[in-house]
Each structure stands twice: as C-alpha cells, then as structure tokens.
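Asker: Pasting the sequence and the predicted model now:
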2 protein chains.
Amino acid sequence: MFLRPSSLLLHPLRTTSNDMRYVERMRLLEYWGIKDTALTSEFRRSQFLVMIDRKPLVRRKGSSIQLPSHSYPELQKSLGEYGFLFDTSNTCLLDAIDGPNNEVKDDVLRELGRCLDAQFVDIRTAMLGISSERERNILAKFQSLSKWSRTYLRCPKCGAPLKMRVSKTGATCHTCPQVYYPTCSPVAITLVSDPTDSHALLVRHKGSPPAMYTALAGFAQPGESLDECCRREVAEEVGLPVSKVMSLNRTQPWPMPNSSLMCAYYAVADMSLKIDACPTELESARWFSREEVAAALLRTLSDPLLKGIPRDVNERQKLLYIPPHGAIAHQMIKAWVEQQPPA
Amino acid sequence: MFLRPSSLLLHPLRTTSNDMRYVERMRLLEYWGIKDTALTSEFRRSQFLVMIDRKPLVRRKGSSIQLPSHSYPELQKSLGEYGFLFDTSNTCLLDAIDGPNNEVKDDVLRELGRCLDAQFVDIRTAMLGISSERERNILAKFQSLSKWSRTYLRCPKCGAPLKMRVSKTGATCHTCPQVYYPTCSPVAITLVSDPTDSHALLVRHKGSPPAMYTALAGFAQPGESLDECCRREVAEEVGLPVSKVMSLNRTQPWPMPNSSLMCAYYAVADMSLKIDACPTELESARWFSREEVAAALLRTLSDPLLKGIPRDVNERQKLLYIPPHGAIAHQMIKAWVEQQPPA
C-alpha cells in the first residue's frame, strides 16, 4: 500500500495560479518527506494506491490501464477482511493532492467494494500499459520506495538497524550517524542507427518475450558521463564502436530491477562491421530496416497487450514486436520510425 | 591508491583500428572488474594514481592540473618510506591502458623521487582544475569507488559483512545472497533564464566560496524524470515555477558528496515573480544580466585558481566568479554567455 495524503494544507493557498500551486505542492511533499509526525497525522485523511506482492491494483479501460485510489476507511475495511495489515509501516509518500470532494468519494466508493472493476496485475504489465506518464512515474516511485524500505534495513557502514522515515524517503543510522536516501541509477538506453539512418540495431534480451526486439541499455558507472556509458555499453553488448552519440532529450524512471532512470540516447555504428553479441545478456542482435521496424511498431500499437506473441519456436527470433508504449524504448523506436527530431 | 593495469592483454589485438581497441579495452575492464584473480595477477605490472585522505596526487602545469601515474615498484618504495600500506585492499580498478614503454617509465621515474614536481591537493581543487575531461572522470571514478569501498561494508538487508571485489566494482553478501554495486545518483543542474533569454538566475550556496554564483542543482528522486526533477528543484530552492525545460545534452560525473552524475538542463522562469530562496541551502538567489555574467566568466577564466576571491565582507555577495572550468556549471554558463545552442 502507499500513501497519497489529502492535502488540507494545500487549500489555504495565498496564490491561485496553477504554477504557484505546483510550488506549494513540492514544498509540502518535501516537508512531509521529512516530518514523520505531520505525515502520520495526515494518514487517515489520505488517498491510497495499493500494491500487494509487487502487483499494483489497477483498472482497465479498453487496452489502457489506470491506477484507482481509495480512502483510508474503505481500504481498512476491505483489506482487513482479507487479512492484510494496513498502517504507516507499509506505506510510502507518493504525492500531495487536493482534499477529496464528494464526486471523488462517490467514485471511489463505487469502485472499491470488492474491487469489482479493478484488478491486481504484474508490475511490469502495469508499467508498460499505463497510459498517463504521471501515473506511470507515481507507480515507479511506489515500487522503488517500497522495495527500498523493505530491503534497506541496516547501515551499510556499521550494520546497525536503520530508523526508516514514515514517508520511506530516508533512513537514519543513529550509530554513525548518517541519513541514507533511496537512490536511482541512471541508465543510458541507446538506439543505434547506421550512418544513413535507414537501419536500426535492435536486440533480444534473454528472458524477454518471444519476437520482441528493443534498444540497448546499461547502467552508468561511477566516473562516466552518459555519453561514455552509451559507448561502453554498445562495445560490451554487441562489440561495435560508435562514431556519434547524442541525447534524445527524454528520460523516464523505471522501477525494475530496482530504481532506474532511463536516459534516451542515439548513436551511429558501421553496418559492415561484424556484430559480436554478448552471449550472457543477449539472444540476438540484428540490423533491421526502417520498414521492418515500422511493421513491428504497428503490430505492437494494434496489440498492446501482446496477445499475438508467437508460440511457435521458429517464429520467436523474428522481429514482430517492440516494447509496449509505457516503455521509453517504445517512444524512442516510434520517434525513429517517424523520423522525428529529438524532443 | 588505485590500480590502472598495464594491458598486456591489449597488445595481441586481432584488429588494429582505434575503434576496435576501444571495444577490447571496455571488455577487458568488464572482465577485470569481475575476476579478482586476473586483476590481482596484473597488480605489480600496473600503473597507479595516488590519493591519500581525499587528496589526489597531482602535477601543476601553469594554471592547469594533471594526474601523474606511477609504477608498482616506484610506489612501493616511496610510499613504504613514508609508512603507507599499498596493496590490492586499498586500490580500485580505473582503466585499462597499454603496457608501459620506456619513455613513460623514464618520465615516471623522473617525476616520482620524492614527488618533486607533484603535489597532493584537495579533491575539489583537483576536479575543478584538471583540464582533461578523461582525467577528471577517472578521478571522479577513483574517489567514488574508493569512498564506496570504504563505507559499503555490510549488507543493508541482513547486516552481514560484504566480500568486496578487488576492483571495488561490486561487493557480495554470501548470506542473502546478493551482489551490490556502487551507484551514481543523477542530478539535474539547471540554468534558469528569463523568457527573453537575457538574464540568468544564479545562486550562492551556503559554504561556497565568496562572490561565486552558480546554477541550481538537486538529486533526482525515485519515480521522477530529469524534467520533473528540474522543475521540482527550482520550485523548492527559489520558489518559482518554470515554463520550459530542456536538456542541454551534457553530463558529467562528480564525486562530491558521493557519486553524482550531473545532467545539464535549461529552464525559463518569469522575472516578475518574487524569488523565495530556501534559507537552509542558499545564501542568495538573484537575476543577472548577460553582461554581468560575462564579466564573472572572464574574471574566472583569467583567475582559475580564484586568487582574487574577496576577503571584504561587503564584496562577498557580489557576482564576481562562477565555478572554474572543471565544473559542468562553468561549461553551461559559458555556453549561455556565448549564446551557443545545446551541444
């Protein structure tokens, strides 16, 4: 479960513009992030998203996925009936929102019940299917903070138990003393093209769905820029040097495997060089023409839940799909197919 | 101290182009990063940079700073004479280089002795003064890995002691079991301009040198994109909403306070709104004209060691300096003064 306080404090704003409300919201989040007592006192007035065992509670609308929110009394009742504990120890602070009005409350009441129109899905499915960027990022924050707060229990310097903040945005070692924060790790995700920009080098990772190809990606290491990370990853994963590296001006938080920040890059490699795919990470790495990639994009757009994934072993190595639209790789590949300039 | 293996393995390359040497180098680094036995066997054939108590050994050439490297026998002798321990436990893997030739050796021998032409300086001074981007990033890696390996000793999940790799690029908990990696934290550093792009909003942080103004910066949190990070930081630190956010396509690793990855951004704010500077972080936040910023840039370029920093209290709040050229803020402000488009 996670906590999304109703913002009684947001109402008496001195200014009325949306811009200044944004500033108030950010400062309120900062305050609640640190002040456990203030956040705890908001708890019963808050709205909540729910995730159990890495499965967020979602609602489907057509082929799109949304995150429904619920009030404290509603959740306490329905979660309690199923034997789930629900208090500040297993919640984290996600956002400051306006206080609930009756419409929201009616809507929530109608939707809650026994979760009739909502359902729990795998977090990857949710991330890939959620249509709103804001909801996707909130879910990324949810999974990142809740995983961090469940696994970051001891001071890595001295081994003493940490005191976790109610907001899950920090944990203190009183022995050292030291405050630890949840980190996110930058990842360069790179669309490699040939010098004429007519072909893209896409890869199939081990364990990814059959017939799905995507862009190369890897974590930035301490001491390297994202340009250098991009060059190194292409070298390590497909054995190719790249001659040009450029930011695509697009970043996206991603909660798998932990907390990543995907940063979109573009690079150019020579198609005449032999691809030497790293066997521990990749099952396949190949050049595809813009037409081949466009066909996979169209198939993915018309089948976002990937129902047409091939079961036939012979089909599995074909380029039939790219990642669904919630993935930054989808946006990068789509922009490349449509020959859009960087955002 | 850190380890920079001489690359006997780099010589028998199948290919001769610089590009393919790059690929071999990256793969060798990856291999040595994981294989403790292979890295240990390279130890005595390696070249080393030296850092003691966060003070890297550097050599000054005019107003610029370089990082001298030394061989194992030389260092063992001179460090031993001063009572310093020197083995694989306090070294980390930084780069794979070609094996030493005699010229390098003569040069190293000449420079070593009792460190006649070299000197230890504060790491911040070194980072700000080193002229080569590659050396700067190597030093960032050095400080990040060595700090991480000195402080990440226990499993944060169970508290058991970790087994640190010789390369310092990972540590294993055999109880959980789990491998931990040194992380770097993305930071959005933002040059805020007015809608006509004729004024920049610069800030003086608490504890920064007198009369030095710079760009706003803050760590990205889990679940936010760099655009969102940029907007939030400007709201939190100076109380202003921004209407436009754009990547400047420039990133730089930075080892203070831990391991950061600075990502340059540009944003636009309304000059008529009141600045509300966060008192815990900032001493001052003000709009400056392009001419005022240009004058500070020129003064900084002609006095990179900041010898003219004012001692007079009345002068301290003036814009006289920007950060020296090793800082990404310097490059961002310089590009803005010169009205260069993003890289």
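Answerer: Structure received.
Asker: quick one: stretch A:32-44 near chain B?
Answerer: No. If you take CB under 8 Å from any CB of the partner chain as the test, stretch A:32-44 misses chain B, and the best it gets is 9.0 Å. All C-beta atoms are positioned from the backbone trio N, CA, C, and that covers glycine.
Asker: what is the mean pLDDT for that stretch?
Answerer: Here stretch A:32-44 scores 82 as its mean pLDDT.
Asker: quick one: buried residues of it?
Answerer: Across stretch A:32-44, burial judged by 16 or more other CB atoms under 10 Å in any protein chain shown covers A:Trp32, A:Gly33, A:Ala38, A:Leu39, A:Glu42.
Asker: Secondary structure and distance to B:Ala295 added to those, as a markdown table?
Answerer: Formatted as a markdown table, the buried residues of stretch A:32-44 follow (DSSP: H, G, I helix; E, B strand; the rest coil; distance: CB to CB, whole Å):
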| residue | secondary structure | distance to B:Ala295 |
| --- | --- | --- |
| A:Trp32 | helix | 42 |
| A:Gly33 | helix | 39 |
| A:Ala38 | helix | 45 |
| A:Leu39 | helix | 46 |
| A:Glu42 | helix | 49 |
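Asker: from these, which is closest to chain B?
Answerer: Using CB to the nearest CB, A:Gly33 is the member of the buried residues of stretch A:32-44 that lies nearest chain B, at 9.0 Å.
Asker: what about the nearest residue to that closest one once chain neighbours are set aside, distance to A:Trp148?
Answerer: In this structure, A:Gly33 finds its nearest non-sequential neighbour in A:Thr169, 4.3 Å apart by CB to CB, 6 or more residues apart in numbering or on different chains. Distance from A:Thr169 to A:Trp148, counting by CB to CB, to the nearest Å: 9 Å.
Asker: ok, which pair from the buried residues of stretch A:32-44 is furthest apart?
Answerer: Farthest apart among the buried residues of stretch A:32-44 by CB to CB are A:Gly33 and A:Glu42. That separation is 12.3 Å.
Asker: State the pLDDT value of the closest residue to chain B within the stretch 151-300 of chain A.
Answerer: When distances are taken as CB to the nearest CB, the stretch 151-300 of chain A reaches nearest to chain B at A:Gly223, 2.3 Å away. Among the per-residue scores, A:Gly223 shows a pLDDT of 89.
Asker: And chain A, what are its domain boundaries?
Answerer: Domain assignment for chain A by the TED database gives A:6-148, A:186-338.
Asker: Please work out which of those domains is packed deepest.
Answerer: Each of the domains of chain A was scored by mean neighbour count; the highest is domain A:186-338, a mean of 19, by mean count of other CB atoms under 10 Å in any protein chain shown.
Asker: what residues do A:Thr169 and A:Trp148 have in common as contacts?
Answerer: A:Pro182 (CB atoms under 8 Å, 6 or more residues apart in numbering or on different chains).
Asker: where does chain A have its least confident helix or strand?
Answerer: The weakest-scoring helix or strand in chain A, judged by mean pLDDT, DSSP states H and E, is strand A:2-4 (a mean of 36).
Asker: rewinding a little: how about the residue of the stretch 151-300 of chain A closest to chain B: what's its closest non-neighbour residue?
Answerer: Closest residue to A:Gly223 apart from its sequence neighbours, by CB to CB, 6+ apart: B:Lys141 at 2.3 Å.
Asker: check contacts around that neighbour.
Answerer: Contact analysis of B:Lys141 by CB under 8 Å, 6+ apart lists A:Gln221, A:Pro222, A:Gly223, A:Glu224, B:Cys92, B:Leu94, B:Pro253, B:Pro255.
Asker: Now with 10 Å, please.
Answerer: A:221-224, B:2, B:92-95, B:168-169, B:182, B:184, B:253, B:255, B:259 (CB atoms under 10 Å, 6 or more residues apart in numbering or on different chains).
Asker: Equivalent analysis for A:Ser144, please.
Answerer: Taking CB under 10 Å, 6+ apart, we find A:Ser144 in contact with A:92, A:168, A:182-184, A:253-256, A:258-260, B:221-223.
Asker: tell me the pLDDT at it?
Answerer: A:Ser144 carries a pLDDT score of 87 in this model.
Asker: Does it lie in a helix or a strand, and which?
Answerer: Using DSSP states H and E, A:Ser144 falls within helix A:133-151.
Asker: how distant is the next helix or strand after that helix from the center of its chain?
Answerer: Heading C-terminal from helix A:133-151, the first helix or strand you meet, by DSSP H and E, is strand A:163-164. Chain-centre distance of strand A:163-164: 25 Å, with CA atoms, centre = their mean, to the nearest Å.
Asker: And the pLDDT at A:Pro156?
Answerer: 95.
Asker: ignore the last one, A:Glu133
Answerer: At A:Glu133, the predicted lDDT confidence score is 88.
Asker: With A:Ser131 as the reference, measure out to the closest residue to A:Ser132 other than its chain neighbours.
Answerer: Excluding the flanking residues, the one nearest A:Ser132 by CB to CB, 6+ apart is A:Gln66, at 7.3 Å. From A:Gln66 over to A:Ser131 the distance is 7 Å, taken as CB to CB.
Asker: Also A:Ala267?
Answerer: As judged by CB to CB, A:Ala267 and A:Ser131 stand 29 Å apart.
Asker: again, but for A:Leu301
Answerer: The gap separating A:Leu301 from A:Ser131 is 13 Å, by CB to CB.
Asker: quick one: which of the contacts of B:Lys141 is nearest B:Pro209?
Answerer: Nearest to B:Pro209 out of the contacts of B:Lys141 is B:Pro255 (CB to CB; 18.7 Å).
Asker: how about the residue lying farthest from the centre of chain A, secondary structure?
Answerer: Note on chain A: the largest C-alpha distance from the chain mean falls to A:Ser272, namely 35.8 Å (CA atoms, centre = their mean). Here A:Ser272 is recorded as coil under DSSP: H, G, I helix; E, B strand; the rest coil.
Asker: tell me the contacts of it?
Answerer: Residues near A:Ser272 by CB under 10 Å, 6+ apart: A:Asp194.
Asker: Kindly recompute the last result at 8 Å.
Answerer: If a contact means CB under 8 Å, 6+ apart, then A:Ser272 has no contacts.
Asker: And the pLDDT for it?
Answerer: 95.
Asker: tell me the contacts of the residue nearest to A:Gly33?
Answerer: Applying CB under 8 Å, 6+ apart, we find A:Thr169 in contact with A:Gly33, A:Ile34, A:Cys92, A:Leu93, A:Leu145, A:Tyr181, A:Pro182, B:Gln221.
Asker: again, 10 Å this time
Answerer: Contact partners of A:Thr169, counting by CB under 10 Å, 6+ apart, are A:29-30, A:32-34, A:39, A:92-93, A:141, A:145, A:148-149, A:181-182, B:221-222.
Asker: closest to B:Leu79 among those residues?
Answerer: Distances from B:Leu79 to these, taken by CB to CB, are shortest for A:Tyr181, at 35.6 Å.
Asker: With adjacent residues omitted, what lies nearest to A:Gly218?
Answerer: The nearest residue in space to A:Gly218 (CB to CB, 6+ apart) is A:Glu233, at 3.5 Å.
Asker: element containing the one you found, please.
Answerer: Taking DSSP H and E as the criterion, A:Glu233 maps to helix A:226-238.
Asker: Ok, A:Met256 next?
Answerer: Here A:Met256 is covered by no helix or strand, with elements defined by DSSP H and E.
Asker: looking only at pLDDT, what's the mean for stretch A:231-250?
Answerer: 92.
Asker: longest single strand anywhere in chain A?
Answerer: strand A:244-254 (DSSP state E).
Asker: Please state the offset of that strand from the chain centre?
Answerer: With CA atoms, centre = their mean, you get 15 Å for strand A:244-254.
Asker: That strand pairs with which strands, parallel or anti?
Answerer: strand A:260-268 (antiparallel) (DSSP bridges).
Asker: what's downstream of the strand it pairs with, the next helix or strand?
Answerer: Where DSSP H and E defines the elements, the next helix or strand beyond strand A:260-268 is strand A:282-289.
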